[in-house]
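Q: with the sequence up front, the predicted model follows.
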Amino acid sequence: MNIQILNELMRQNEIPSYFQLSKETHIPYTTLLDLVRGNGERLSNIKTIADFFGVKMTYLIDEPVKIITINEKNRVIVEKETGYNSILSNLLSD
């Protein structure tokens, strides 16, 4: 789940805390915290949150994005894959 988007939706809708979001969506607080931390991302919970805010589920879900950094010699030096709140970094050799 994209936490930045969730936090922005909460701010726009004046939901001050995850505890309040838990009460409003009827998702248990500990389940919501697991979701925010990237554990137990059940689609049913994401759908519940999306429905509550009136957005599509895909708006809340991170899409994996590949980031490639190229040094001054046009060699790939770092590849990162981001998604679901995790960042994987691999140093690539020649």
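A: Looks like it came in fine.
Q: which helix or strand contains T58?
A: helix 57-60 (DSSP states H and E).
Q: which other helices and strands does that helix contact?
A: If you count contacts as 3 or more C-beta pairs under 8 Å, 6 or more residues apart in numbering; DSSP states H and E, helix 57-60 packs onto helix 3-12, helix 43-53. Any C-beta I mention is one placed from the backbone N, CA and C, and that applies to glycine too.
Q: packing partners for the shortest one?
A: Using 3+ C-beta pairs under 8 Å, 6+ apart as the contact definition, the elements that helix 3-12 packs against are helix 57-60.
Q: buried residues in the helix it packs on?
A: Neighbour counts using 16 or more other C-beta atoms under 10 Å place L60 of helix 57-60 among the buried residues.
Q: contacts for that helix?
A: By C-beta atoms under 8 Å, 6 or more residues apart in numbering, the residues outside helix 57-60 that reach it are 1-2, 5-6, 43, 46-47, 49-50.
Q: next one: stretch 32-41
A: 1, 3, 6, 18, 21-22, 25, 27, 31, 42, 45-46, 84-86.
Q: for K47, which non-adjacent residue is spatially closest?
A: Spatial nearest neighbour of K47, excluding adjacent residues (C-beta to C-beta, 6 or more residues apart in numbering): M57 at 5.5 Å.
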